[in-house]
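K.L.:
structure for the following, please:
(2 chains)
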Amino acid sequence: MQQHWKRLADGVELAVTQTDKFKTGLLSVTLTVPLGAGTATAGALIPEVLYRGSGRYPDMEKLSSAADALYGASLSTGVRQRGESQCVSVLCGFIDDRYALDGSAVLEPAAALMGEALLNPAVQNGMFRRDYVESEGANLADRIQARINDKRSWAIFRLIQEMCAGEAYAVDKLGDADEARAMTPDRLWAAYRSLLSEAKVTFYYGGGAAPERVEDAVRRSFAPLLTGRAAPVDCRVEAEPRGPVRRVADSMDVTQGKLAIGFRTGGITMGSGDFPALLVCNALYGGSANSKLFVNVREKMSLCYYASSMLDKVKGLMVVSSGVEFSQFDRAQEAILAQLEAVRRGDFTSDELTAAARTTANNLRGRLDSQGLLEDDQLSRLLFHSEQEGEDLIRAVELVKADQVVETAQKLKLDTVYRLTGKEG
Amino acid sequence: MDKLEYTALGQTVYHCVLPNGLNIYVDVRRSYSKQFAFFATRYGGMDLRFRGEDGEWLDTPAGVAHFLEHKTFDTEDGNALQRMAANGVDPNAFTSSSMTGYFFDGVQGFEDNLRTLLSFVSVPWFTQESVDKEQGIIAQEIRMGEDDPNDEAYYRLLEAMYVNHPVRGRVAGTVESISHITADTLYQCHGAFYRPGNMVLCAAGNIDPQRVADIAQEVLTAEHTTAAETDHGRPERPEVGEKLTRRTMPVSIPLFTLGIKGTPAARGEGLRQRLLGELVCDVLFSTSAPLYNRLYEQGLLNSSFGSFYSDGPGCAFLVAEGESRDPERVRDEVLKEAARLAAEGIDQELWDRLKKAAYGAMVRRLNSLEDTCIELAEAHFDGEDYLSFPQVFQSIERGHGEALLRDWFVEARCALSIIAPEESQT
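P.N.:
Now for the predicted structure:
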């Protein structure tokens, strides 16, 4: 597996992972802008409207048919959040030329189809079609409101809203439902034009083709994006909570309670020297099947159906998520926090540490076997200039010592506790 | 081991049957850093009545296969999950209606981990104390599922479609049904289903196939065993039991699951019928299908919509699920379009394009060691050769799709399950 990187213009770059491992190639183009309450809705809506049709393929049926004809190329558009940035992407996965039944090249037409979708949208009166904007606005509003359907992720979403209130991080990457319903073609068109001219542009390809061939395809299909732009990508990292621990609760008609607990990592993010120690600390505490939360709180004490911890490596957050019976809220919370105290005291065996480091290293290696995860990881690395590449980070993780884990755990600061309780509870 | 070459797909799979009856498949991928192993038994949520080791027929409580899956990780020396996690691998398991599978992936210590996997799955160790404790954990899992509107819509659909077939029950059972499970029940089920002749081992990655076979032979019993015998009740009639089922939950807009009850495939025809069923789903429901686009443009469907084909012993069905302000209208439009296509024919260009797209999607799926191993295992239990899909595609014609639309997409074989927002209760 070989990594290549090239600047195509100021603020425009191409990264290629060349490998024969997969039977497919994956090409993506990502436009990154600061996440903000005023712009998020448009940023989330643009990819949806683009997917409805282009100049050449004016409706979704024709656009999807064009992808189907490329051996079921998986053309998709969407929005992701990275720290306090909103990333609008067009992605396409397609089989390698060697598996095409008629032996034709697939990369170039796939790039052309992506360029068509992104840069030549279906227009009416010089702007997006009104019917597409209105129906996608309504769909987006539905999606925003449907967040509540999945209680596990809803609890985490609510925790972040409360914990990071006032920070750009808490802005919903999907935007606001009312604003989505009220979006007009001219406003969305203006947002689209500025997205194309101002956003940072990241091209990524993973697959068997040579970097020169990829660059050539990108230059042909995305020429209007290859202009210089000043597009800084920032994320404000709050090392410490702003005040005493906040406690928030909602009630809803559910049979199982949810408990979500948010911590600040003391400023440690993916670029920090102690990031490898934070990864191991998280695996030891709640990020693996032999973590303290899993073994003690879930298995031994049977306090939760699930209890795990995860990191946001860009923003510097750790979140514990668990499902508990209403009557066990206090005990579960106490136990979850007590396990972190144990890590802070160094109350873990060398076997636990080795297992946590191995699990972390294996997970990182495993990510190298997935084309989609490779793309996602490369995007974070490119946006935040993290030098730690896959293998270097893995080696660093394997060398993490117990005192580094303790030190890292001591930096974790409890910020906010969120409970989703039942109607009667 | 036998070497099976799939040149069109660039795949090589090694296969053998051990004297104890275990089938082994190894998909060698030199460039992957991970190795994956999947050890599965043909035993799932629907296998409630079976012939025990003593030859007598036994009836067991709903949810026992899933319960057994949880407890299989217990060994005399502690929990295998933690033992393998200590090696840095992430073992896990799942129970479907017709299969229970245990797996891990890792990048080092593959042989050691494989031994552990084979050993904890094949050697039962249950105590009444640990069974009692698990009842609490699984009850929580069941409740969590009951709060999930998608799960709820799906199971209510199966209950509406099927009258006797055990696929209509939840794989995890109910809080009540699992309360009847004892350590003895688990031993009986383990004895009947967790024997090599009823199991399959699939592995993938940069590994030596012969070592996989050697290790399996060392760890597992040498005694010859055969497949288990199960009873899924009286044959199911072709029509659904109930055409409409509806309840309210805290959701933002109505969710629905639409089911078409099909005819189970003859043995050896399962893969073909699945590919055909999936193609018919694409003809109606894919993003390039005229019907989906029309309903989307009318605001009757949005992008959270999907469809699939599913089958098991004695059952086969198609499902479309999504969100809609008017699910009943969606159902009517689906049946109308199916009838039109059956009468007027499917557009040849659409059919050819969808076939090509489906082939590409299956090639893409082979990137995943997990998906490939699970597919190999399922196909093995069905007596199929999964990687023959390029040839099977060749043999599927438009007329087969039209026949399926004509025979299956009729009102009597269609059921709709709706989860409506709570406000509409009043």
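
K.L.:
the residue in the stretch 1-150 of chain B positioned nearest to chain A: how many residues sit nearby?
P.N.:
Residue of the stretch 1-150 of chain B nearest chain A, by C-beta to the nearest C-beta: B:G88 (2.5 Å). Glycine gets a C-beta too; all of them are placed from N, C-alpha and C. If you count neighbours by other C-beta atoms under 10 Å in any protein chain shown, B:G88 ends up with 26.

K.L.:
so it sits against B:D105, correct?
P.N.:
No: B:G88 is beyond contact range of B:D105, at 10.6 Å (criterion: C-beta atoms under 8 Å).

K.L.:
about what we covered before: what helix or strand is the residue of the stretch 1-150 of chain B closest to chain A on?
P.N.:
Using DSSP states H and E, B:G88 maps to neither a helix nor a strand.

K.L.:
excluding chain neighbours, give the residue nearest to it in space.
P.N.:
A:R358 (2.5 Å; C-beta to C-beta, 6 or more residues apart in numbering or on different chains).

K.L.:
what touches both of B:G88 and B:D105?
P.N.:
A:N362 (C-beta atoms under 8 Å, 6 or more residues apart in numbering or on different chains).

K.L.:
A:L118 and A:A223: what is the separation?
P.N.:
12 Å (C-beta to C-beta, to the nearest Å).

K.L.:
neighbour count winner among these two?
P.N.:
Neighbour count, other C-beta under 10 Å: between A:L118 and A:A223, A:L118 has more, with 25 against 11.

K.L.:
quick check: phi and psi on the closest residue to the more buried one other than its chain neighbours?
P.N.:
In space, and not counting its chain neighbours, A:L118 is closest to A:V90: 4.9 Å by C-beta to C-beta, 6+ apart. In terms of degrees, to the nearest 10, the main-chain angles of A:V90 are phi -120, psi 130.

K.L.:
just checking, A:V90 touches A:R80?
P.N.:
No: because the distance of 12.0 Å does not satisfy C-beta under 8 Å, A:V90 is recorded as not touching A:R80.

K.L.:
which secondary structure elements does the helix or strand hosting the residue nearest to B:G88 contact?
P.N.:
In this structure, A:R358 sits in helix A:350-367 according to DSSP H and E. Counting contacts by 3 or more C-beta pairs under 8 Å, 6 or more residues apart in numbering or on different chains; DSSP states H and E, helix A:350-367 packs against helix A:275-285, helix A:371-383, helix A:390-398, helix A:402-411, helix B:80-86, strand B:100-106.

K.L.:
and these, which one is worst for confidence?
P.N.:
Sorting the helices and strands packed on helix A:350-367 by mean pLDDT places helix B:80-86 lowest, at a mean of 83.

K.L.:
about what we covered before: need the winner for burial among the helices and strands packed on helix A:350-367.
P.N.:
helix A:275-285 (a mean of 28; mean count of other C-beta atoms under 10 Å in any protein chain shown).

K.L.:
dump that one to PDB, restricted to CA.
P.N.:
The C-alpha trace of helix A:275-285 is given here as PDB (Å, rounded to 0.1, in the frame of the first residue of the first chain):
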ATOM      1  CA  PHE A 275      -2.700  10.900  21.400                       C
ATOM      2  CA  PRO A 276      -1.500   7.200  21.300                       C
ATOM      3  CA  ALA A 277      -1.800   7.100  25.100                       C
ATOM      4  CA  LEU A 278      -5.300   8.500  24.900                       C
ATOM      5  CA  LEU A 279      -6.300   5.800  22.400                       C
ATOM      6  CA  VAL A 280      -5.000   3.100  24.800                       C
ATOM      7  CA  CYS A 281      -6.600   4.800  27.800                       C
ATOM      8  CA  ASN A 282     -10.000   4.800  26.000                       C
ATOM      9  CA  ALA A 283      -9.600   1.100  25.000                       C
ATOM     10  CA  LEU A 284      -8.700   0.200  28.600                       C
ATOM     11  CA  TYR A 285     -11.600   2.200  30.100                       C
END
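
K.L.:
perfect, that will be all.
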